[in-house]
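Visitor: Give me a model of this one.
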Amino acid sequence: MCTVSTSKKSVPTDRYHHGDLRRALVDEALVLLAESGDGGFSLRELARRVGVTANASYRHFANKDALLQALASEGFRRLSAAQRDVEALAADEEKLLAGGRSYLRFAHANPALFRLMFSVIPPHRRGDELSEASQAAFETLRQAVARGWSGGEPDPDSVTRAALRAWALVHGLGQLLLDGQLDWLEEDPLGLAEAVLADTV
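Guide: Numbers count the residues shown, from 1 in each chain. The predicted structure is shown next:
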């Protein structure tokens, strides 16, 4: 399961060398995002947590929006990696279901990041990194659908439509899960969402 560390310790500045400060800022920002639940922190606070000056953080992120886009991009990369990992271990007929379960578990474990990826930054405001990461995540799903296709060689348009149907199902369940809409139905809402998915896929 992909989760974000919640350690609150600042990282000593002497750990950094050229090239890894951006990674450290993103990692700590993911912790702050999980803690705040809505991205309600500043670049200055992030820099303090990492142990560098605010100016050092601005060299990597011109503003808060640029940072949030980097976090959303990282979220899509982690989601794709989690899906590929579980699909690699599943039997052929179970790969798509395994990927769907991974999607639900990612949303459940990372609610603030999931909302940032899909709700906070609309497509027309996405930079290249975020656009590429989100499209790559959809391609991961598309490939899973294509691998599980039955009845001959599928055409690309049919695969895309099937992938969109699968995405709509799993994303809808994930959003219901995060919004607490399944809580009154079952003590284990994640388990309920996974069961519904298994019944449908």
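Visitor: Mind checking what helix or strand follows the lowest-mean-pLDDT helix or strand in the chain in sequence?
Guide: Least confident helix or strand of the chain, by mean pLDDT, DSSP states H and E, is helix 54-58 with a mean of 90. Per DSSP states H and E, the first helix or strand lying C-terminal to helix 54-58 is helix 64-89.
Visitor: Tell me which other helices or strands the least confident helix or strand of the chain touches.
Guide: Helix 54-58 sits against helix 43-50, with contacts defined as 3 or more CB pairs under 8 Å, 6 or more residues apart in numbering; DSSP states H and E. In this view, the C-beta of every residue, glycine as well, is placed from N, C-alpha and C.
Visitor: Give me the buried positions along the helix it packs on.
Guide: By 16 or more other CB atoms under 10 Å, the buried positions in helix 43-50 come out as Leu43, Glu45, Leu46, Ala47, Arg49, Val50.
Visitor: same question, stretch 58-71
Guide: Buried residues in stretch 58-71 (16+ other CB under 10 Å): His60, Phe61, Leu67, Leu68, Gln69, Ala70, Leu71.
Visitor: Quick one: these as CSV, columns for pLDDT and distance to Ala34 too.
Guide: Output for the buried residues of stretch 58-71, formatted as CSV (pLDDT from 0 to 100; distance: CB to CB, whole Å):
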residue, pLDDT, distance to Ala34
His60, 91, 20
Phe61, 92, 18
Leu67, 94, 15
Leu68, 94, 14
Gln69, 94, 18
Ala70, 95, 15
Leu71, 96, 10
